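Engineer: Here you go, sequence then predicted model.
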Amino acid sequence: MDINSAFKTWLSEAVEDKDLTDELNSVSNNEKEIYERFYTGLKFGTAGLRGIIGAGTNRMNIYTVRRATQGLADFLNAKYDNPSVAVSYDSRIKADLFAREAARVLAGNGVKAYISAELQPTPVVSYAVRELKTQAGIMVTASHNPAKYNGYKCYGSDGCQMTDNNANAVFKEIEKLDYFGDCIKLMDFEEGLDSGLIEYIGDDLYEKYLGKVMEQSVNPGVCKGSGLKVVYTPLNGAGNKLVRKVLDRIGVEDVVVVPEQEMPDGNFTTCPYPNPEIKEALKLGLDLCEKVQPDLLLATDPDSDRVGIAVKTDNGYRLMSGNETGIMLMNYILSCRKENGTLPEKPVAVKTVVTSKLVDRVCEKFGCELKVVLTGFKYIGEQILLLEQKSEEYRYVFGFEESYGYLAGTYVRDKDAVVASMLICEMAAYYRTKNKSLNDVMNELYDEFGYYFNKTDAFEFEGSEGMKKMAEIMSSLRESHPKEIAGFKVTVASDYLNSCTKDIVNGTEEVIDLPKSNVLAYSLEGGGAAIVRPSGTEPKIKVYITAVGTSEEDAKNIAAGMTDSVVKTLGI
């Protein structure tokens with residue numbers, strides 16, 4: 001790509017959005033800034049697009065959105081007769097604009113666009129695809145990334161994030177296109193509404209969605225009169241309306257919303273990283289907890305597909321990890337459904353490869369088959385589809401990943417913070433009837449199975465040099481895996497890109513029967529583990545540590561030593 005030529009083209013052609021024109025003029029004498037915007041184009045993968053909002057081929061703007069949507073429309077028109085697409089967005093900067101531009105391109109290509117009239121949680125798009133029987137879905141969101149990012153998630157006809165094969169096929173169509181000119185077919189938005197090629201999604205769909213969420217209740221009515229008190233923050237995102245509606249319907253009467261984070265605001269001024277995994281994002285919620293003393297804090301991320309919690313203890317509020325919340329939910333669902341007689345025969349649960357091994361122990365206790373898949377909720381959705389194809393979707397009881405994503409039920413095929421928020425509150429109310437807090441419940445699980453401490457560290461690598469460094473790190477690890485980590489011998493080394501697992505102790509090798517993925521995993525003596533992978537959505541390398549100890553202090557000390565050892569090995 002001729003960077004200077006591309007810059008000049010954008011300077012003359014990208015004139016519909018004044019923000020882009022101003023930005024291009026401001027960097028006209030800065031070669032480094034021009035390079036960062038034009039050295040590559042945003043790649044379309046199974047997570048769709050994601051990037052910094054701004055001008056250029058390597059940025060999220062109306063032109064990159066139009067081009068991607070044109071490629072999607074070409075793919076759909078070649079594959080289906082009269083295809084349609086569900087479109088929505090969250091509170092991100094320009095998210096509503098990008099959604100409308102996507103709808104305009106779809107309509108310009110004769111593809112019907114069902115678009116939400118206001119921001120909605122990501123799982124609603126997955127549900128809309130299935131309910132409206134569309135061939136694809138688009139969600140304009142950058143999930144929990146900082147405010148400068150936006151993105152474009154794409155769904156297949158099953159309501160699951162687009163598969164590798166289809167995403168690659170769409171990307172090939174996108175690569176044929178320029179960013180400007182007649183190759184991008186556009187229809188005026190109002191003209192699209194008048195012609196019926198653009199249609200707003202009706203409120204009845206959201207009611208049906210909430211009905212499906214309510215069907216996942218394990219102990220209906222347990223919240224009514226329980227006295228459960230909740231502080232909730234949507235982190236200025238899309239969860240505010242539907243999360244509060246479902247909590248009201250199950251009988252959680254005392255919900256206090258963090259006022260500074262209640263309304264949509266893509267600038268996220270109160271939490272630069274609107275991620276419920278990060279304590280700083282929950283500071284205002286925790287401060288409010290100290291004042292009003294609820295049983296728990298709920299925090300959903302901007303597109304409301306993930307939820308984090310803090311629970312009351314004798315010494316303040318304890319932040320639960322994504323693993324801990326998922327383990328408690330798994331235990332609650334399996335134990336109560338078994339007691340209620342609603343647990344299906346041969347139940348199935350799903351977790352990702354980086355999720356706590358304590359889940360395995362809980363599932364073993366209740367005779368639940370546990371399937372382990374690659375990182376990414378689309379692989380959990382894929383397992384539901386495989387069960388559905390055998391008319392056995394009723395066997396699926398719960399799936400989750402350590403990064404705060406949970407799903408009960410099969411009505412959507414993505415993680416859902418609305419249903420997770422409902423089940424967390426129901427779980428808290430249920431244990432309240434047993435005179436237990438969620439803190440008590442988690443500690444009892446550790447007492448029963450041993451203290452599994454899971455820790456995730458993310459190391460950022462911004463820009464073109466960062467991407468190169470990440471590739472070098474992964475390549476170096478593949479050439480020579482560590483023999484030990486913090487004094488614990490590596491017993492098994494697994495390379496998910498080369499589909500190979502090596503048992504170091506026995507000297508044997510096995511093929512990994514999963515899609516190829518850039519993941520390296522090391523099992524250690526004593527039950528610990530370390531996993532290294534580049535993020536699929538952010539310029540980061542993530543390191544997942546599992547430490548098994550006799551107590552919290554013991555496990556955390558082991559984990560700290562393991563992290564130091566891995567960081568040294570990676571040369572970060």
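Structural biologist: Now that the structure is in, tell me what you want to look at. Residues are numbered from 1 along each chain as shown.
Engineer: Quick check: Gly196 touching Gly110?
Structural biologist: No. Taking CB atoms under 8 Å as the definition, Gly196 is not a contact partner of Gly110, at 11.3 Å. Using the backbone N, CA and C atoms, a C-beta is placed for each residue, glycine as well.
Engineer: ok, those two, which is more surrounded?
Structural biologist: Gly110 (15 against 9; other CB atoms under 10 Å).
Engineer: Just say helix, strand or coil for the residue nearest to Val505 when sequence neighbours are not counted.
Structural biologist: Using CB to CB, 6 or more residues apart in numbering and skipping residues adjacent in sequence, the residue nearest Val505 is Thr491, 5.3 Å away. Look at Thr491: counting by DSSP: H, G, I helix; E, B strand; the rest coil, its state is strand.
Engineer: Touching, Thr491 and Ser523? I think so.
Structural biologist: Yes. Using CB under 8 Å, Thr491 is in contact with Ser523, at 5.2 Å.
Engineer: Between these two, which has more neighbouring residues?
Structural biologist: Ser523 (23 against 18).
Engineer: partner strands of the helix or strand where the more buried one lies, parallel or antiparallel?
Structural biologist: For Ser523, the host element (DSSP states H and E) is strand 520-524. Strand pairing for strand 520-524, determined by DSSP bridges: strand 488-495 (antiparallel), strand 529-534 (antiparallel).
Engineer: so which of these comes closest to Val218?
Structural biologist: strand 529-534 (30.5 Å; CB to CB).
Engineer: now what about whichever helix or strand comes after the closest one, what contacts it?
Structural biologist: Under the assignment DSSP H and E, the closest C-terminal helix or strand after strand 529-534 is strand 540-549. Here strand 540-549 makes contact (CB atoms under 8 Å, 6 or more residues apart in numbering) with 354, 356-357, 402, 450-461, 470, 473-474, 526-535, 555-559, 562-563, 566-567, 570, 572.
Engineer: residue ranges of the strands in the stretch 51-200 of the chain, please?
Structural biologist: For the stretch 51-200 of the chain, applying DSSP state E, counting those that start in this stretch gives strands covering 84-89, 112-115, 136-140, 149-155, 198-200.
Engineer: And the second one, what does it pack against?
Structural biologist: With contacts defined as 3 or more CB pairs under 8 Å, 6 or more residues apart in numbering; DSSP states H and E, the packing partners of strand 112-115 are strand 84-89, helix 95-108, strand 198-200.
Engineer: let's see 10 Å
Structural biologist: When contacts are defined as 3 or more CB pairs under 10 Å, 6 or more residues apart in numbering; DSSP states H and E, strand 112-115 packs onto strand 84-89, helix 95-108, helix 122-132, strand 136-140, helix 189-195, strand 198-200.
Engineer: which of the ones you listed is buried the deepest?
Structural biologist: Compared across these, strand 136-140 shows the largest average neighbour count, a mean of 29 (mean count of other CB atoms under 10 Å).
Engineer: Within the sheet, what are the partner strands of that strand, with directions?
Structural biologist: Per DSSP bridges, strand 136-140 is paired in its sheet with strand 84-89 (parallel), strand 149-155 (antiparallel).
Engineer: Any chance of JSON lines for these, columns distance to Leu445 and mean pLDDT?
Structural biologist: Output for these, formatted as JSON lines (distance: least, CB to CB, whole Å; pLDDT from 0 to 100):
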{"stretch": "strand 84-89", "distance to Leu445": "37", "mean pLDDT": "98"}
{"stretch": "strand 149-155", "distance to Leu445": "33", "mean pLDDT": "96"}
